[in-house]
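Q: sequence and predicted model, in that order:
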Amino acid sequence: MAGGPVGPVDATRVPRYGGPATFARLPRADEVTRFDVAVLGVPFDTGVSYRPGARFGPAHVRESSRLLRPYNPEVDAEPFGAQQVVDAGDVAANPFDIAEALEAVERHARDVLDTGARLLTVGGDHTIALPLLRAVAARHGPVAVVHFDAHLDTWDTYFGAAYTHGTPFRRASEEGLLDLEASMHLGIRGPLYDRGDLTDDRRLGFTVVTSPQIELEGLAGAVERLRRRVGDRPVYVSVDIDVLDPAFAPGTGTPEAGGLTSRELLVLLREFGGLNLVSADIVEVAPAYDHAQITGIAAAHVGYELLSAMARRPAPPALPGVAAPARAPAADEPVADVGLPS
Ligand SMILES: N=C(N)NCCCC(=O)O
Ligand SMILES: [Zn+2]
Ligand SMILES: [Zn+2]
């Protein structure tokens with residue numbers, strides 16, 4: 001782009017509490033000619049098993065991201081200067097039809113990935129990880145999934161329903177979207193339904209680093225396990241904000257005591273600058289239970305670290321034979337409130 005990437009509105013000239021709340025006050029997708037990373041909202045929570053409200057997550061995380069600054073000293077990165085990041089608006093996901101909503105998410109994700117850009121998706125409940133992984137695997141093949149969560153999310157069904165926020169990674173494994181040698185959960189804790197949940201989870205391709213393990217072995221131990229498990233394979237990161245302790249993320253639908261601090265999570269995410277990160281999501285922010293934007297701000301910083309990681313290393317190319325031409329959304333397709341550039 002001539003003159004380099006268009007960054008956030010300059011907070012030294014325009015007060016940061018004014019103007020539209022795009023993520024980090026970045027330009028919208030239709031305000032630039034090309035982009036490297038799209039922040040895409042998915043206001044959808046029809047897949048939840050307990051407290052609803054994650055449909056308001058994208059707007060809350062955007063509003064909570066106004067204070068982010070251009071330079072990340074922890075990793076010496078300029079997440080908005082080294083690459084063009086845009087806010088691509090929200091997917092119009094049908095709240096009454098989960099299958100249709102998941103199709104819409106996959107379609108929008110493919111539209112972004114087909115341009116060669118990476119995705120940082122902001123949910124929405126965890127159900128949306130499935131269509132996102134379908135889109136990512138269509139481009140990169142089966143990927144290592146590094147999943148930060150209190151919950152395994154590899155359960156089978158809820159009330160007979162297969163597509164819920166507790167089941168996306170079982171479906172993804174069944175559909176062949178995961179690298180079974182390289183996927184893992186971090187931050188898992190709390191009561192399960194049955195011992196078999198853990199054996200199922202292993203069979204589906206995951207290893208587990210629990211929250212108490214991170215406390216006992218320290219972050220260095222978790223980092224070591226992460227590096228060993230993932231290596232240089234294409235990796236997709238899914239962050240359920242409930243991986244944080246409710247003290248650090250009260251605004252979520254299925255909170256569990258004994259979680260990570262936001263400091264611990266941010267340290268772990270800084271590792272991905274050295275890994276082969278293909279795309280990422282942040283899910284389960286439910287603002288109705290938030291206070292003082294605690295959860296929203298944590299999620300905004302999670303996004304900032306993931307964008308910083310992307311800035312440090314370019315996106316891997318599509319698998320040979322996979323690169324599809326960019327497709328314009330059909331004229332009658334309900335699209336994000338700000339469109340992708342044509
Ligand atoms: N993905 C999240 N946040 N929670 C899943 C919990 C499913 C359950 O109610 O057992
Ligand atoms: Zn969870
Ligand atoms: Zn989850």
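A: Here it is on my side, so go on. Ligands and ions are numbered 1, 2, ... in the order given.

Q: what mean pLDDT does the helix or strand containing residue 59 have?
A: When elements are assigned from DSSP states H and E, residue 59 belongs to helix 57-63. For helix 57-63, mean pLDDT rounds to 99.

Q: what residues does this protein put near ligand 3?
A: By C-beta under 5 Å from the ion, the residues of the chain that approach ligand 3 are 126, 149, 151, 153, 240. Glycine gets a C-beta too; all of them are placed from N, C-alpha and C.

Q: can we see that at 6 Å?
A: Residues of the chain found near ligand 3 (C-beta under 6 Å from the ion) are 126, 149, 151, 153, 165, 240, 284.

Q: dump those residues into a markdown table; add secondary structure, distance to ligand 1 and neighbour count as well.
A: Formatted as a markdown table, the residues of the chain next to ligand 3 follow (DSSP: H, G, I helix; E, B strand; the rest coil; distance: C-beta to the nearest ligand atom, whole Å; neighbours: other C-beta atoms under 10 Å):
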| residue | secondary structure | distance to ligand 1 | neighbour count |
| --- | --- | --- | --- |
| 126 | helix | 4 | 29 |
| 149 | coil | 6 | 25 |
| 151 | coil | 4 | 25 |
| 153 | coil | 5 | 27 |
| 165 | coil | 4 | 30 |
| 240 | strand | 5 | 28 |
| 284 | coil | 5 | 32 |
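
Q: now those residues as a markdown table including pLDDT?
A: Output for the residues of the chain next to ligand 3, formatted as a markdown table (pLDDT from 0 to 100):
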| residue | pLDDT |
| --- | --- |
| 126 | 99 |
| 149 | 99 |
| 151 | 99 |
| 153 | 99 |
| 165 | 98 |
| 240 | 99 |
| 284 | 99 |
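
Q: near ligand 2, which of the residues you listed show up?
A: Restricting those to those near ligand 2 - C-beta under 6 Å from the ion - leaves 149, 151, 240, 284.

Q: residues from the stretch 1-150 of the chain in reach of ligand 1?
A: 49, 50, 126 (C-beta under 6 Å from any ligand atom).

Q: quick revisit: could you dump the ones next to ligand 2 among the residues of the chain next to ligand 3 to TSV with distance to residue 268?
A: As requested, these are exported to TSV (distance: C-beta to C-beta, whole Å):
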residue	distance to residue 268
149	13
151	17
240	14
284	17
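
Q: taking those together, which two end up most distant?
A: 151 and 284 (9.3 Å; C-beta to C-beta).

Q: find residues that contact each of those two.
A: Common neighbours of residue 151 and residue 284, using C-beta atoms under 8 Å, 6 or more residues apart in numbering, are 240, 242, 254.

Q: what does stretch 315-323 contact?
A: The contact list for stretch 315-323 (C-beta under 8 Å, 6+ apart) reads 36, 114, 116, 117, 118, 138, 139, 140, 141, 234, 276, 278.

Q: in it, what's buried?
A: Residues of stretch 315-323 classed as buried by neighbour count (16 or more other C-beta atoms under 10 Å): 315, 316, 318.

Q: with secondary structure and pLDDT as added columns, please give those residues in a markdown table.
A: Output for these, formatted as a markdown table (DSSP: H, G, I helix; E, B strand; the rest coil; pLDDT from 0 to 100):
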| residue | secondary structure | pLDDT |
| --- | --- | --- |
| 315 | coil | 89 |
| 316 | coil | 88 |
| 318 | coil | 93 |
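
Q: tell me which of the residues of the stretch 1-150 of the chain next to ligand 1 is nearest to residue 5?
A: Distance to residue 5, by C-beta to C-beta, is smallest for residue 126 among those, at 30.7 Å.

Q: nearest spatial neighbour of that closest one, chain-adjacent residues omitted?
A: Computed as C-beta to C-beta, 6 or more residues apart in numbering, the closest residue to residue 126 that is not its neighbour in sequence is residue 165, at 3.9 Å.

Q: in contact with the one you found, which residues?
A: Neighbouring residues of residue 165 by C-beta under 8 Å, 6+ apart: 47, 48, 49, 125, 126, 127, 153, 253, 254, 283, 284.
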